[in-house]
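**Q** using only what follows, build the 3D model:
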Amino acid sequence: MSSLQAFLASTVTLVSDDPWLRTVQLSLLGLGSVLVFLVFYATKDILLRTRSFPYQCGSILLVAALPMVGFLLYLLIRPARTIKERELETMLRRLLAEAKKDDVLEKKKHQNPSQGRKEAEKGASSKESPALASTARK
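**A** Next up is the predicted model:
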């Protein structure tokens, strides 16, 4: 128990007895914590948004070198969507294009069923052997 008291006594001595100085110390501690959080947040965010290593390093250094202003600048220059959002959008566009193509084919089948039968008969007659086709013509 005495070792815990000794540890706490040494920690408390870091904080000043003067109330104004203590307020300044605790304010700086809070501000430092917020700035470290902003650097970690920007790091996590930029890693999710781009695979460009120079862009990632530049963004992290911007936030670390210019603490508050750098983070606001980072919010302005960062990519709008994450990598996964861009991949998802690409997949959705492909699926919609395929679905649209399938819908057009289905509409053509339903609008003109006789043409579909004629094309099927035409395809079947072209598959016949030339000898059978020549006897069918005579």
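
**Q** the helix or strand harbouring L61: which residues count as buried?
**A** Taking DSSP states H and E as the criterion, L61 maps to helix 53-65. By neighbour count on 16 or more other C-beta atoms under 10 Å, the buried set for helix 53-65 is 56, 59-60, 62-64. Using the backbone N, CA and C atoms, a C-beta is placed for each residue, glycine as well.

**Q** which elements pack onto the longest helix belonging to the chain?
**A** As assigned by DSSP state H, the longest helix anywhere in the chain is helix 19-49. On a contact count with 3 or more C-beta pairs under 8 Å, 6 or more residues apart in numbering; DSSP states H and E, helix 19-49 meets helix 53-65, helix 67-77, helix 83-111.

**Q** against which helices or strands is the shortest one packed?
**A** Other elements packing on helix 67-77 under the criterion 3+ C-beta pairs under 8 Å, 6+ apart are helix 19-49, helix 53-65.

**Q** got it, and the longest one?
**A** When contacts are defined as 3+ C-beta pairs under 8 Å, 6+ apart, helix 83-111 sits against helix 19-49.
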